[in-house]
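Trainee: Here is a sequence together with a model predicted from it:
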Number of protein chains: 2
Amino acid sequence: MSNITVSLPQNSYEIAISSGSLSQLGAKMKQLKLGEKVLVVSNPEVFGYYGDTCLQSLEEVGFEIYQHLIPAGEVHKHLQSIEKIYDTALANHLERSSTLVALGGGVIGDMTGFAAATWLRGVNFVQVPTSLLAMVDASVGGKTGVNHPQGKNLIGAFYQPKLVSIDPDVLQTLPEREFRAGMAEVIKYGVIWDAELFSELEQAEHIDSFESIEPELLNTILARSCQAKADVVSQDEKEAGLRAILNYGHTIGHAIESLTDYQEYVHGEAVALGMIAAGEIAIQMGSWKEAAANRQNKLIAKAGLPTTVSAKVKVKDVLEAIKSDKKVKSGKVHFILPKKIGAVKITDKVSSDVVKESVLQLIGNS
Amino acid sequence: MSNITVSLPQNSYEIAISSGSLSQLGAKMKQLKLGEKVLVVSNPEVFGYYGDTCLQSLEEVGFEIYQHLIPAGEVHKHLQSIEKIYDTALANHLERSSTLVALGGGVIGDMTGFAAATWLRGVNFVQVPTSLLAMVDASVGGKTGVNHPQGKNLIGAFYQPKLVSIDPDVLQTLPEREFRAGMAEVIKYGVIWDAELFSELEQAEHIDSFESIEPELLNTILARSCQAKADVVSQDEKEAGLRAILNYGHTIGHAIESLTDYQEYVHGEAVALGMIAAGEIAIQMGSWKEAAANRQNKLIAKAGLPTTVSAKVKVKDVLEAIKSDKKVKSGKVHFILPKKIGAVKITDKVSSDVVKESVLQLIGNS
Ligand SMILES: NC(=O)c1ccc[n+]([C@@H]2O[C@H](COP(=O)([O-])OP(=O)(O)OC[C@H]3O[C@@H](n4cnc5c(N)ncnc54)[C@H](O)[C@@H]3O)[C@@H](O)[C@H]2O)c1
Ligand SMILES: NC(=O)c1ccc[n+]([C@@H]2O[C@H](COP(=O)([O-])OP(=O)(O)OC[C@H]3O[C@@H](n4cnc5c(N)ncnc54)[C@H](O)[C@@H]3O)[C@@H](O)[C@H]2O)c1
Ligand SMILES: [Zn+2]
Ligand SMILES: [Zn+2]
């Protein structure tokens, strides 16, 4: 059991990590004095497993509960799904003091958060992440949003939850591939922020599935990852500077995702590839040692994540895609490069040639 | 010329009021270091009058400018219009550091603000209000949003502009009825907050049109109204308490607007009627003197605003509509009632009978 506070100038909140806590969600929310009505947003998959437990815990303490299901999958992460949440909110007369609960992975979390941010100009919002990626990344930090037909997460808002409630037990039903994808973000925190987390992962016997991982290690992973993200976002709530380091591996990762039409790799897999490429760039720029990069890449492999990219991906397309990334400022591409395990720097001084070289190597590996 | 600062824990900003300032907008924005790209959002009416001056001032100082027009009118204040702004933003590769400028009345201001709040999770936003209502009310305070098919302003966000730039000269082309509607909100500030503003209005020879009002008085009206709103929102950015007083006259006003399908009264006119009804309620509740109410009602008449409601409006429908107002908390209707000119209180203790009585009187007047 771990509790982490995300400290912000306004709207600080708690991340509560505890095995079996889903059945205590209602009690926890009651303590926060969140109004009477609660709308639980989920998808049929996750709701099938955990809807009853969730609703029951809310009912027990007297909340007036409603539910709204959105079909699973990133393809439904658009404004039209948000409009349907609005309709449910309206039909049930939600008030400013009412609460939207996101019960699901990052897709549900991002959409529910955006609906909460924008319905009545903001109602209460509680995150109950059920995928590893959502637990360690998407549910913390206040980024919410949906995709535009022409780009991911282009529409959204910064909006902080009142609570993030994590029950590691729900990971038992998460597909293994999704578990591994989440582990990519965990490894990311190790590289950019927390060398101790990195060594714990190295020392562990297994990190590639819920079944094989030690429950205690899982707790550590969740707590340290959330702490890392909390540290970073506390210092930079609206992504003015530091927060960019969370995009380590994401610049090339996003390019790979979009070039394969989001069909070939799940996000974490693409990030794993992006980290390998970024590590290679760092080596070529002289900021990182090859030995350190090897440690990173070994950990990625240990988590069951890909280390080579399909030859379908063409280097020149990657370069092109990077330039149209929404993080591009004044036309300059910013890269996050490791200096050592646990620390990175941001630079816009990477030449296309170096990027090319490192992507070629990723493909060459295959 | 007046400058007012809206002080907030984060995101404080300036309201600059100055005759002829539209042609200086670019220079002013340059000082704020707002990035390179500027997307001006307006409607064809307003843009026809002021588009050139606005664009030229931006061009002069080197901004890369784009424009996006939305047909005039509240009927276009919906999510689909926002999606079109997104498309323009995307087509022109707007970045986080880019700026959306709202050149228009409250409809354009609310929509542009919401688009700015939600594109890339927030780009810079500058308000250039061109209606009196937008100058004294809609452009200050950070409320942005659009209508849901079933209710006004149900979708939105709190999002602060970087600057509100007011050029009173543009009011010369504003239809007289719209000028008067804005004056209703000015009178509101007199009643709820600023007794001195109230007496200035009483002492003025004319307040019912741009042509007849003294330029100096107009400056005072703009400055004191913005100051009143700034005072209130500074103390309560997210409408947790105090800010509710800005809804004086709006509870019954909204009911009247919606019952007449937004066809019969413009917003300010409905608010004027709502203030008269709220004044009557306050008298009946013993919190306000009849003499004070008469002063208020006289000022409303002097501004050329209606003081009686069309007999089409049925009392029981008003009562019904009030209950479904989005400001209703836990089923209780909150009323803002004057205590004296310049001060109000909030109460949820108004019986339906008293509301009925005061609305009947509004209709009886006709
Ligand atoms: N807001 C942020 O800061 C942030 C950060 C990273 C990612 N994201 C977003 O998160 C999304 C990805 O999140 P994700 O990886 O969780 O994807 P997801 O929400 O699509 O979940 C992946 C799959 O696992 C299923 N699932 C989730 N929990 C389960 C459980 N306990 N048991 C069985 N199945 C379960 C889901 O139904 C889904 O099919 C993307 O849209 C991404 O943009 C947001
Ligand atoms: N955000 C807030 O805090 C807030 C507060 C009050 C009202 N509002 C919103 O503001 C809107 C009403 O604003 P409004 O009264 O400005 O309406 P509006 O924007 O529709 O403007 C009224 C009319 O005047 C025209 N116009 C505006 N400026 C002009 C000019 N200088 N010359 C000629 N024509 C001009 C417009 O084109 C329009 O036809 C509503 O949607 C309301 O919900 C928002
Ligand atoms: Zn990620
Ligand atoms: Zn108003």
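Mentor: Great, that's in hand. Ligands and ions are numbered 1, 2, ... in the order given.

Trainee: In the stretch 151-300 of chain A, what residue lies closest to chain B?
Mentor: Taking Cβ to the nearest Cβ as the measure, the point where the stretch 151-300 of chain A comes nearest chain B is A:Gly156, at 4.4 Å. For glycine as for every other residue, the C-beta is placed from the backbone atoms N, C-alpha and C.

Trainee: Which residue, neighbours along the chain excluded, lies closest to that residue?
Mentor: Nearest residue to A:Gly156 in three dimensions, chain neighbours excluded: A:Gly145, at 2.1 Å (Cβ to Cβ, 6 or more residues apart in numbering or on different chains).

Trainee: A:Asn153 is in contact with that neighbour, correct?
Mentor: Yes: judged on Cβ atoms under 8 Å, A:Gly145 makes contact with A:Asn153 at a distance of 4.9 Å.

Trainee: ok so, going back, helix, strand, or coil at the residue nearest to A:Gly156?
Mentor: What DSSP: H, G, I helix; E, B strand; the rest coil gives for A:Gly145 is strand.

Trainee: quick one: contacts for it?
Mentor: A:110, A:113-114, A:153-157, B:118, B:121 (Cβ atoms under 8 Å, 6 or more residues apart in numbering or on different chains).

Trainee: try A:Tyr86
Mentor: A:115, A:119, B:148, B:154-155.

Trainee: and what of A:Val313?
Mentor: A:Val313 makes contact with A:256, A:259-260, A:359, A:363, according to Cβ under 8 Å, 6+ apart.

Trainee: Closest one to A:Asp137 out of these, please.
Mentor: Lowest distance from A:Asp137 to the contacts of A:Val313 (Cβ to Cβ) belongs to A:Ile256, with 17.9 Å.

Trainee: Checking my notes, the closest one in a helix, right?
Mentor: Yes: applying three-state DSSP, one finds A:Ile256 inside a helix.

Trainee: For A:Gly145 and A:Asn153, list the residues in contact with both.
Mentor: With Cβ under 8 Å, 6+ apart as the test, A:Gly145 and A:Asn153 both reach A:110, B:121.

Trainee: residue ranges of the helices in chain A, please?
Mentor: A:25-31, A:44-60, A:79-91, A:106-118, A:132-133, A:176-192, A:195-203, A:215-235, A:250-259, A:267-284, A:290-302, A:315-323, A:352-364 (DSSP state H).

Trainee: Roughly how far does A:Gln263 sit from A:Lys312?
Mentor: Applying Cβ to Cβ, to the nearest Å, the value for A:Gln263 to A:Lys312 is 10 Å.

Trainee: Compare these two (neighbour count), which wins?
Mentor: More neighbours surround A:Lys312 than the other of A:Gln263 and A:Lys312, with 11 against 7 (other Cβ atoms under 10 Å in any protein chain shown).

Trainee: Ramachandran angles for the more buried one?
Mentor: phi -60, psi -30 (degrees, to the nearest 10).

Trainee: hang on, the earlier thing: residues contacting the residue of the stretch 151-300 of chain A closest to chain B?
Mentor: Contacts of A:Gly156 by Cβ under 8 Å, 6+ apart are A:110, A:114, A:143-146, B:118, B:120-121.

Trainee: Closest one of the residues you listed to A:Met29?
Mentor: Out of the contacts of A:Gly156, the member with the shortest distance to A:Met29 (by Cβ to Cβ) is A:Thr144, at 18.9 Å.

Trainee: what's the neighbour count on the closest one?
Mentor: A:Thr144 has 29 nearby residues by other Cβ under 10 Å.

Trainee: and it, what does it touch?
Mentor: Contact analysis of A:Thr144 by Cβ under 8 Å, 6+ apart lists A:109-114, A:116-117, A:156-159, B:121.

Trainee: any idea how far it is from A:Val191?
Mentor: Separation of A:Thr144 from A:Val191 (Cβ to Cβ): 26 Å.

Trainee: A:Gln361 too?
Mentor: For A:Gln361 relative to A:Val191 (Cβ to Cβ), the value is 18 Å.

Trainee: more neighbours, these two?
Mentor: Using other Cβ under 10 Å as the criterion, A:Gln361 and A:Val191 rank with A:Val191 on top: 30 against 17.

Trainee: Quick check, the more buried one in contact with A:Leu337.
Mentor: No: contact criterion Cβ under 8 Å: A:Val191 and A:Leu337 do not qualify, at 10.3 Å.

Trainee: Overlap in contacts, the two.
Mentor: In contact with both A:Val191 and A:Leu337: A:Val344, using Cβ under 8 Å, 6+ apart.

Trainee: Quick check: phi and psi on the residue of the stretch 1-150 of chain A found nearest chain B?
Mentor: Closest to chain B within the stretch 1-150 of chain A is A:Arg121: 4.4 Å, counting by Cβ to the nearest Cβ. With angles defined as degrees, to the nearest 10, A:Arg121 sits at phi 60, psi 30.

Trainee: nearest residue to it other than its sequence neighbours?
Mentor: Leaving out its chain neighbours, A:Arg121 is closest to B:Gly156 (Cβ to Cβ, 6+ apart), at 4.4 Å.

Trainee: now swap in A:Thr130 and tell me
Mentor: A:Val170 is the one closest to A:Thr130 (Cβ to Cβ, 6+ apart), at 4.8 Å.

Trainee: domains of chain A?
Mentor: A:2-173, A:176-364 (automatic domain parsing).

Trainee: so which of the ones you listed comes closest to ligand 2?
Mentor: With Cβ to the nearest ligand atom as the criterion, ligand 2 lies closest to domain A:2-173 of these, at 9.5 Å.
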